[in-house]
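**Student:** Pasted the sequence and its predicted model underneath.
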Amino acid sequence: MVQTRKGTRDFWYQGAVLLYELSDGLELGGELFGNSAKEAGGRSAGALNMGGQWKIRNGYNLLFAAGHSLWGEPTTTVYLGLQILTGGSKKEGSAKGQ
């Protein structure tokens with residue numbers, strides 16, 4: 001990431017995700033992520049989020065997550081969203097010419 005503000009610096013941002021399909025249409029998982037110091041003399045930060053995705057019906061997914069910082073500035077994150085998938089999906093055996 002490139003910073004152009006005075007007193008800032010380039011920094012690393014990294015993370016890892018584990019997902020588990022609990023049932024048909026429901027995935028749960030966790031995400032561990034962090035970044036190096038964003039400002040000269042600043043501290044690194046890291047957090048753990050837990051959440052999932054629930055398939056409401058074809059083309060609609062409910063996304064949800066909550067988490068808290070593990071180090072760095074104390075923060076709590078809560079996320080709820082609706083994912084709407086448009087086009088691009090193919091049914092099995094529906095390729096052209098079949």
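**Tutor:** Sure, I can see it. Remember, it's a predicted structure, so these values are computed and weren't measured experimentally.
**Student:** low pLDDT regions in the chain?
**Tutor:** By pLDDT under 70, the low-scoring segments of the chain are 1-8, 88-98.
**Student:** how near is the most centrally placed residue in the chain to Arg43?
**Tutor:** Closest residue to the average C-alpha location of the chain: Glu31 at 7.2 Å, with CA atoms, centre = their mean. Remark: distance between Glu31 and Arg43 (CB to CB, to the nearest Å) = 20 Å. For glycine as for every other residue, the C-beta is placed from the backbone atoms N, C-alpha and C.
**Student:** what pairs with the residue nearest to the centre of the chain across the strands?
**Tutor:** Val17, Asn49 (DSSP bridges).
**Student:** Please tell me how far it sits from Ala40.
**Tutor:** 28 Å.
**Student:** Gly41 is in what secondary structure piece?
**Tutor:** Using DSSP states H and E, Gly41 maps to neither a helix nor a strand.
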